[in-house]
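Asks: my questions concern the predicted model and sequence given below.
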Amino acid sequence: MIIGVLKEQLPEKRVSLVPDIVKQLGKQGVTVWVEPDAGAAAFHSDDTYIQAGAALMPRTDILQQSDLVCSIQIPEDWHLLRAGTILAGVYQPLHHHDLMQQWAAKSLTTYSLDNIPRTTRAQSMDILSSQANIAGYKAVLLAAVSYGRYFPMFMTAAGTIAPAKVLILGAGVAGLQAIATARRLGAVVEVFDTRPVVREEVMSLGAKFISVEGAADASQAGGYAVEQSADYKQQQEVLIAASITKADIVITTAQIPGKRAPLLVTAQMINSMRPGSVIVDLAAGTGGNTALTQNQQTVFHNGITIIGDSNLAASMPADASKLYAKNVFNFLQLLIKDGQLVNNLQDDIIKGACITHEGAVISERLQAVLK
């Protein structure tokens with residue numbers, strides 16, 4: 001069996017498999033082909049892959065001859081893949097349903113790892129969590145660099161500097177890491193989330209929790225956020241508006257699978273912030289949580305800096321690749337039996353991640369979107 005690793009197109013700097021994982025796959029009888037310079041942006045040279053047992057192969061050969069192709073982002077030249085090839089990466093199928101239908105028509109088997117069920121058994125394969133952890137950490141550091149003032153309180157002979165006030169919208173994995181990082185830097189932190197169950201985690205990190213009563217129950221959503229009612233959104237807007245006026249830094253992380261990111265910060269709210277404030281929007285790739293967010297761009301509006309970046313994990317490619325590759329390896333352990341691929345759709349994790357197979361879209365979540 002051959003697993004191919006493609007070089008990602010910039011600005012993506014991560015790589016699907018790192019040399020340590022290549023070595024472990026080799027022990028299981030798996031041949032790994034790596035495109036030249038695939039790991040260069042993540043600080044893994046071609047020599048380290050060769051030493052780990054991989055073979056350097058041209059991109060076209062990898063696409064046309066591999067049994068399984070690893071590509072974090074959607075490869076632009078996917079049409080070169082032969083029928084029956086397996087793809088594994090982060091393809092956001094609920095947002096790219098037309099492409100998924102094309103892949104099904106080409107008889108590609110697609111594993112989109114962002115669709116893995118968020119269950120206890122699947123924690124070691126949860127790429128959303130491992131990468132969101134990095135994004136939350138980096139979002140605060142990026143905000144601190146962009147902010148023209150101190151984060152912590154300083155008491156000096158020249159006067160006292162008040163600590164920065166940080167508002168974090170969403171207390172998922174990224175939000176919790178953002179809380180911890182902002183608190184370590186000495187900021188005062190407030191957090192909003194639709195789920196009351198995260199209150200204890202937020203407060204244990206030293207932040208203040210704010211919420212609206214009457215949120216829709218997300219307990220059956222497999223660990224993902226759900227759409228809220230119009231009445232709830234109206235109350236939510238009032239609370240966020242009151243907090244954002246006092247905030248120096250806003251980190252937004254709210255997303256709903258298959259839908260546009262909820263609009264939490266209006267232009268009017270942004271105008272109420274003091275000049276020099278910074279917003280980092282991690283939901284930029286699905287429309288953004290603010291009215292002025294542009295993905296992969298920094299917008300300057302009335303003295304406010306609005307940074308839209310849905311892929312901050314790629315800005316820390318070495319550690320992001322290490323964690324991602326381990327997630328992929330753990331997932332592959334469900335597929336590899338005696339050096340061969342076995343697509344056991346009776347396994348809930350494999351079934352959840354498998355989007356297309358044998359000429360059809362088989363993901364129940366995507367089928368619901370297509371109806």
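Replies: Arrived safely, thanks for sending.

Asks: what's opposite Ala360 in the beta bridge?
Replies: His357 (DSSP bridges).

Asks: okay, helices next: where are they in this protein?
Replies: Applying DSSP state H to the chain gives helices spanning 19-27, 46-51, 59-65, 97-105, 127-146, 173-184, 199-204, 230-244, 267-271, 317-335, 348-353, 364-370.

Asks: which parts of the shortest one are buried?
Replies: Counting neighbours by 16 or more other Cβ atoms under 10 Å, one finds that the buried residues in helix 267-271 are Met269, Ile270. C-beta: built from backbone N, CA, C; applies to glycine.

Asks: export only the CA atoms of that helix, formatted as CSV.
Replies: Provided in CSV are the C-alpha atoms of helix 267-271 (Å, rounded to 0.1, in the frame of the first residue of the first chain):
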residue,chain,number,x,y,z
ALA,A,267,-20.2,47.5,12.5
GLN,A,268,-21.9,49.7,15.2
MET,A,269,-20.3,47.6,17.9
ILE,A,270,-16.9,48.0,16.3
ASN,A,271,-17.4,51.8,16.1
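
Asks: sorry, back to before: could I get the helices of the chain as JSON lines with mean pLDDT and distance to Asn115?
Replies: Shown next, in JSON lines, are the helices of the chain (pLDDT from 0 to 100; distance: least, Cβ to Cβ, whole Å):
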{"stretch": "helix 19-27", "mean pLDDT": "97", "distance to Asn115": "21"}
{"stretch": "helix 46-51", "mean pLDDT": "98", "distance to Asn115": "28"}
{"stretch": "helix 59-65", "mean pLDDT": "98", "distance to Asn115": "23"}
{"stretch": "helix 97-105", "mean pLDDT": "96", "distance to Asn115": "11"}
{"stretch": "helix 127-146", "mean pLDDT": "97", "distance to Asn115": "9"}
{"stretch": "helix 173-184", "mean pLDDT": "97", "distance to Asn115": "16"}
{"stretch": "helix 199-204", "mean pLDDT": "95", "distance to Asn115": "25"}
{"stretch": "helix 230-244", "mean pLDDT": "86", "distance to Asn115": "26"}
{"stretch": "helix 267-271", "mean pLDDT": "96", "distance to Asn115": "33"}
{"stretch": "helix 317-335", "mean pLDDT": "97", "distance to Asn115": "11"}
{"stretch": "helix 348-353", "mean pLDDT": "95", "distance to Asn115": "5"}
{"stretch": "helix 364-370", "mean pLDDT": "89", "distance to Asn115": "7"}
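
Asks: and these as CSV, adding distance to Tyr111?
Replies: Shown next, in CSV, are these (distance: least, Cβ to Cβ, whole Å):
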stretch, distance to Tyr111
helix 19-27, 16
helix 46-51, 22
helix 59-65, 16
helix 97-105, 11
helix 127-146, 11
helix 173-184, 21
helix 199-204, 30
helix 230-244, 34
helix 267-271, 39
helix 317-335, 7
helix 348-353, 5
helix 364-370, 13
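
Asks: tell me which of these sits most buried.
Replies: helix 173-184 (a mean of 25; mean count of other Cβ atoms under 10 Å).

Asks: off-centre distance for that helix?
Replies: 15 Å (Cα atoms, centre = their mean, to the nearest Å).

Asks: so what angle separates the directions of that helix and helix 127-146?
Replies: 40 degrees (axes from the mean of the first three to the mean of the last three Cα atoms, to 10 degrees).

Asks: outline the domain layout of this protein.
Replies: As given by automatic domain parsing, the domain ranges for the chain are 2-115+316-360, 132-315.

Asks: closest one to Ser124 among these?
Replies: Smallest distance to Ser124 across the domains of the chain (Cβ to Cβ): 4.3 Å, for domain 2-115+316-360.

Asks: give me the distance between the closest one and the centre of its chain.
Replies: 17 Å.

Asks: how about stretch 358-371?
Replies: Computed by Cα atoms, centre = their mean, the chain-centroid distance of stretch 358-371 equals 22 Å.

Asks: got the end-to-end distance for it?
Replies: 20 Å (Cα to Cα, to the nearest Å).

Asks: and stretch 61-69, by the same measure?
Replies: Start-to-end, stretch 61-69 (Cα to Cα) is 11 Å.

Asks: list the contacts of it.
Replies: 1-6, 33, 35, 75, 77-78, 80-82, 85-88, 341 (Cβ atoms under 8 Å, 6 or more residues apart in numbering).

Asks: now, which of those lie within strands?
Replies: Ile2, Ile3, Gly4, Val5, Trp33, Ile86, Leu87, Ala88, Leu341 (DSSP state E).

Asks: which residues does the second one bridge with?
Replies: Just to be clear, that refers to Ile3. Going by DSSP bridges, Ile3 is paired in beta bridges with Val32, Leu68.

Asks: wait, it touches Thr31, no?
Replies: Yes - counting by Cβ atoms under 8 Å, Ile3 does reach Thr31; the two are 7.2 Å apart.

Asks: how close does Phe300 sit to Gly136?
Replies: Distance of Phe300 to Gly136, computed by Cβ to Cβ, to the nearest Å: 24 Å.

Asks: next: Leu239.
Replies: Leu239 is 22 Å from Gly136, by Cβ to Cβ.

Asks: hmm, back to that, between Ile3 and Thr31, who's got more neighbours?
Replies: Ile3 (26 against 16; other Cβ atoms under 10 Å).

Asks: fine by me, thanks again.
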